[in-house]
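1. here is a sequence together with a model predicted from it:
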Amino acid sequence: MFSPALQVKAPQLVLEKQTVGLICETTCSLTDAFIWYKNGEALKIHSKTLQLQSERSDSGRYSCAVRGHEHLPSPAVSITLISLQVKAPQLVLEKQTVGLTCETTCNLTDAFIWYKNGEALKIHSKTLQLQSERSDSGRYSCAVRGHEHLPSPAVSITVVYPPQSTSVSISPSGEIVERDSVTLSCSSDSNPPAEISWFKEDTFLKYGDTYSITDIKSEDSGNYYCSARNKHGSQASAAVTVNVMYPPQNVSVSRNGSGEIVEGDSVALSCSSDSNPPAEISWFKEDTLLGSGDTYSITDIKSEDSGNYYCSARNKHGSQASAAVTTSAGKASESGDAENASVQDGRDTDTKKPEEEEIEYASITIHHPASEAK
C-alpha cells in the first residue's frame, strides 16, 4: 500500500501583512500536483508552496496531500497571525514627554524588544518613554521577545523645535569699502526650517536666507539683524554692524566769528570733513605746509599773514582739499574807516591731492588801526 510521508513546513507565528510560504514536503516521487487544506477545507492551490499575504483571516490549521492520495493528508499545523504595531505621534515637540506603545494580539508577551533605526534598545517594556531630545528623531519598531525575527513596521518620530542659535555672517569678511558688494547670511537651527526676515535697525528689509547690498554706500552703514520664525517660536540674531569706509568728502573751512578782522586779532580756521575712517587734516598757506589738526590758529595777526589758506583731508581711501580762504591786509584810513571782512566758503567735490585742486577764493580783509594824532 502506498503511504507517502508528508508534512507542512511553516512558522507557527506570522506577523500581519508579512508574506510567508507554507511548503508541502513529501518523500513521494510522483508529485505532479498537491492539495492544500485549511481547517479541513480544500483550497484551490495545487503547487508545492502555499503563499500567504498574512491577513487576519489566514489564521488556522493547514495540511496538504498529494493529488490522487487525498485520503493520506499530512498532519495539520497551526498558523497564528499576530498583529504588531507601534502607536506613537509622528511629530513631537522638543522636551515633551511622549510614550510609544507596542500593541500586539499575541498573548505570549512577557517582554518586548524595541528598535531605533534597526538597532536594539535596552528597553523591554510595552511602552517606550521619550523625553523628546533632538537625537530622539528616528524610526522605531518593536518585537515580542523570542520572536525578534517578526518586528513591527517602523514608524517615524520627528522632534520639532523653535529657532535656536540664530546668527548673521558677512561675506566677504574684512573691511568694507564704498562700492563693494556685501552679502549677509542668516543661519538658524530649527525644525521645521524657519522663515527668515531681515532688518536694519528696526526697519524691515526683506524675507530670505540672505540679504545682499551691491555698490554699497556710506548711508548703508548701520546695524543689521535677522529674525527666524516657525510655528513653534522665533528668535532674533545679535546685530552686526556694517561699517562702510570711504574717502573724505564735503571738505570745507570756516573761521570763528563773522565780524571784521583787525590787525592784532586772533583768528581760528576750522576744517570739517565727512570720511570713514576719520581723516587726517593738513593745513596749507599757498603750497606751504603749516601743520596738522582740525583747526589752525593765528594769534596777533599781521599783514604778512595775508594769503590763501586751505585744508586737505586724507585717509587710506583718498583725499580732498577744501576751497581756499584768502586773507588780504589793507591799512585803515586816518578816520578809522575800514573795509568789512567777509568769508565765502566753496567746495571741491573731486577727490584730489591738494596740489591738484583748483582753489576758489574767499576774502578776509585785515584792518590796521588808525595812527594816533600827534
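-> Great, that's in hand.
2. centre of the chain to the helix or strand hosting Leu269, how far?
-> Leu269 is part of strand 267-276 when elements are defined by DSSP states H and E. Relative to its parent chain, strand 267-276 has a centroid offset of 43 Å by Cα atoms, centre = their mean, to the nearest Å.
3. strands paired with that strand, and their directions?
-> Sheet pairing of strand 267-276 (DSSP bridges) gives strand 244-255 (antiparallel), strand 295-298 (antiparallel).
4. deepest of the ones you listed, which one?
-> Looking across the strands paired with strand 267-276 with neighbours counted as mean count of other Cβ atoms under 10 Å, the highest average goes to strand 244-255: a mean of 20. For glycine as for every other residue, the C-beta is placed from the backbone atoms N, C-alpha and C.
5. ok, then the element right after that one?
-> Downstream of strand 244-255, the next assigned helix or strand under DSSP H and E is strand 261-262.
6. packing partners for that next one?
-> Applying 3 or more Cβ pairs under 8 Å, 6 or more residues apart in numbering; DSSP states H and E, one finds that strand 261-262 contacts strand 363-368.
7. avg pLDDT for the strand it packs on?
-> Averaged across strand 363-368, pLDDT comes to 48.
8. next one: stretch 100-111
-> Across stretch 100-111, pLDDT averages out at 79.
9. tell me who's in contact with Ala313.
-> Contact analysis of Ala313 by Cβ atoms under 8 Å, 6 or more residues apart in numbering lists 248, 251, 271, 273, 275, 279-281, 319-322.
10. pretty sure it is in a strand, no?
-> Yes - assessed with DSSP: H, G, I helix; E, B strand; the rest coil, Ala313 lies in a strand.
11. so what's it bridging to?
-> Beta-bridge partners recorded for Ala313 (DSSP bridges): Ile281, Gln320.
12. let's have the strands paired with strand 267-276 in JSON lines, adding distance to Lys95.
-> As requested, these are exported to JSON lines (distance: least, Cβ to Cβ, whole Å):
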{"stretch": "strand 244-255", "distance to Lys95": "43"}
{"stretch": "strand 295-298", "distance to Lys95": "63"}
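13. I'd like the ones you listed as TSV, with distance to Ser185 and mean pLDDT appended.
-> Converted to TSV, these look like this (distance: least, Cβ to Cβ, whole Å; pLDDT from 0 to 100):
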stretch	distance to Ser185	mean pLDDT
strand 244-255	18	94
strand 295-298	45	93
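14. of those, which is nearest Lys206?
-> strand 244-255 (19.4 Å; Cβ to Cβ).
15. just to revisit the earlier point, quick one: closest of the strands paired with strand 267-276 to Lys217.
-> Once these are compared by Cβ to Cβ, strand 244-255 is nearest, at 6.8 Å.
16. next one: the closest one to chain centre, how far?
-> 38 Å.
17. do stretch 90-102 as well
-> 27 Å.
18. now do it: distance from first to last residue.
-> Using Cα to Cα, to the nearest Å, the end-to-end distance of stretch 90-102 comes out at 15 Å.
19. list of residues touching that stretch?
-> Here stretch 90-102 has contacts from 84-89, 112, 114, 126-134, 136, 140, 142, 152, 155-161, 232, using Cβ under 8 Å, 6+ apart.
20. can you select the buried ones from these in PyMOL?
-> Burial among these is assessed by 16 or more other Cβ atoms under 10 Å; the matching PyMOL selection reads:
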select buried, resi 84+85+86+88+112+114+126+128+130+132+136+140+142+152+155+157+159+160+161
